[in-house]
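Novice: Sharing a sequence plus its predicted fold:
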Amino acid sequence: MAEAYPRTLMELERRFSSEADCAEYLAGLRWPEGFRCPECNSSRAWRTSRALWVCRDCQRQTSVTAGTIFGDSNLPLALWFRAIWHVVTQKDGASALGLQRVLGLGSYRTAWSLLHKLRRAMVRPGRERLQGLIEVDESYLGAPEPGKRGRRLGAKALIVAAVECVGRRKLGRIRLRQVRAASAQELEAFILENIEPGATVRTDDWLGYRGIKTQGYTHEPMPMRVPPKVEEAVLPRVHLVFSLLKRWLMSTHQGAVRHSHLDYYLDEFTFRFNRRTSASRGKLFYRLVEQAAAIPPHPYRTLRNPVVAPPPLQDGGT
């Protein structure tokens, strides 16, 4: 299926004026080569009057939303598509309260749940790892804690970031993750997952990074026993990303983000940052719908209470 998407809000309204129009579009993204049965992978199927595909080989009935992020929701696809358009067209991100107002949703919980499901879809399965020269560093989120110095976590969240260096000054793609500690185990796992072996990784001289050269990377440790302003000059790109991230969390979400949900906000920031130069909001709409069709359902209980969760960043949560 060729990349087809609305360019404006008016075009979105015309193109997806009915639930059938939305379902047809989603089917084209989910099965670009034609329907495939999720049970037996057969392409032989017929459609019922209720818009279900019935496999001719195993008789399984499948809807276009089954097994996707839309699958466990009672919301119509037309509303989902308008929510996605709102999310991708907001320069600084969307809050649950703002989405509730724009869509006229009856409850804050519905808007909150919808946004968190979309955040799960903002990480593309099998995405390419960063390449070339990469800056990597960590930073804390949270209020200052008296008596806590160095890389001791306390009640704050510790974030590690990787930034592609493009040319002399430009920033390429980024990756972000919350880690439990600035240990070699945590930092090396982040680098292996997000940076292509053979890349040059530039870090400070923290001992947690010393083992990465045995993992197939060229390591450039930079001495950091210097004042903070000099430190930022040595790793300028990654420090700029941290600054933009903290400003975004405060301006869009008033900093009220729990540790248990923080990684999904980091995914949203990464999704937006890596597509910051895109001239077409419609293409971002296309990408997010496409990725949402590839992500399994996330019931509300798993959104509200993730299985693994460090202590809360601060009281309250969005």
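Specialist: Ah, there it is.
Novice: going forward, measure contacts between C-alpha atoms and count neighbours the same way
Specialist: Noted.
Novice: Give me the below-cutoff pLDDT ranges for the stretch 101-250 of the chain.
Specialist: For the stretch 101-250 of the chain, the stretches flagged by pLDDT under 70 are 142-155, 224-233.
Novice: one more time with 90
Specialist: For the stretch 101-250 of the chain, the stretches flagged by pLDDT under 90 are 106, 123-127, 141-157, 167-170, 180, 205, 222-234, 247-250.
Novice: the strands in it, which residues?
Specialist: Using DSSP state E, counting those that start in this stretch, the strands found in the stretch 101-250 of the chain span residues 133-141, 157-166, 170-179, 200-204, 218-222.
Novice: is it possible to export those strands to JSON lines including distance to His259 and mean neighbour count?
Specialist: Shown next, in JSON lines, are the strands of the stretch 101-250 of the chain (distance: least, C-alpha to C-alpha, whole Å; neighbours: other C-alpha atoms under 10 Å):
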{"stretch": "strand 133-141", "distance to His259": "10", "mean neighbour count": "21"}
{"stretch": "strand 157-166", "distance to His259": "7", "mean neighbour count": "22"}
{"stretch": "strand 170-179", "distance to His259": "8", "mean neighbour count": "20"}
{"stretch": "strand 200-204", "distance to His259": "25", "mean neighbour count": "22"}
{"stretch": "strand 218-222", "distance to His259": "29", "mean neighbour count": "17"}
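Novice: Dump these to CSV, plus distance to Leu97.
Specialist: Below are the strands of the stretch 101-250 of the chain laid out as CSV (distance: least, C-alpha to C-alpha, whole Å):
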stretch, distance to Leu97
strand 133-141, 23
strand 157-166, 25
strand 170-179, 25
strand 200-204, 39
strand 218-222, 43
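Novice: out of the ones you listed, which comes closest to Glu24?
Specialist: Glu24 sits nearest to strand 170-179 of all the strands of the stretch 101-250 of the chain, at 32.6 Å, using C-alpha to C-alpha.
Novice: what's that closest one packed up against?
Specialist: Packing contacts for strand 170-179, counted by 3 or more C-alpha pairs under 8 Å, 6 or more residues apart in numbering; DSSP states H and E, involve strand 157-166, helix 184-194, helix 259-274.
Novice: who's in contact with it?
Specialist: With contacts defined as C-alpha atoms under 8 Å, 6 or more residues apart in numbering, strand 170-179 is touched by 130, 157-166, 186-187, 190, 194, 237, 262-263, 266-267, 270, 273-274.
Novice: Kindly report the same for stretch 131-141.
Specialist: For stretch 131-141, contacts defined as C-alpha under 8 Å, 6+ apart pick out 156-166, 182, 195-196, 199-204, 235, 237-238, 242, 246, 313.
Novice: what do you get for stretch 16-34?
Specialist: Contacts of stretch 16-34 (C-alpha under 8 Å, 6+ apart): 1, 15, 35, 43, 64, 76-78, 81, 289-290, 293-294.
Novice: Which one of those residues is nearest to Ala94?
Specialist: Phe81 (14.5 Å).
Novice: burial count for the closest one?
Specialist: 19 (other C-alpha atoms under 10 Å).
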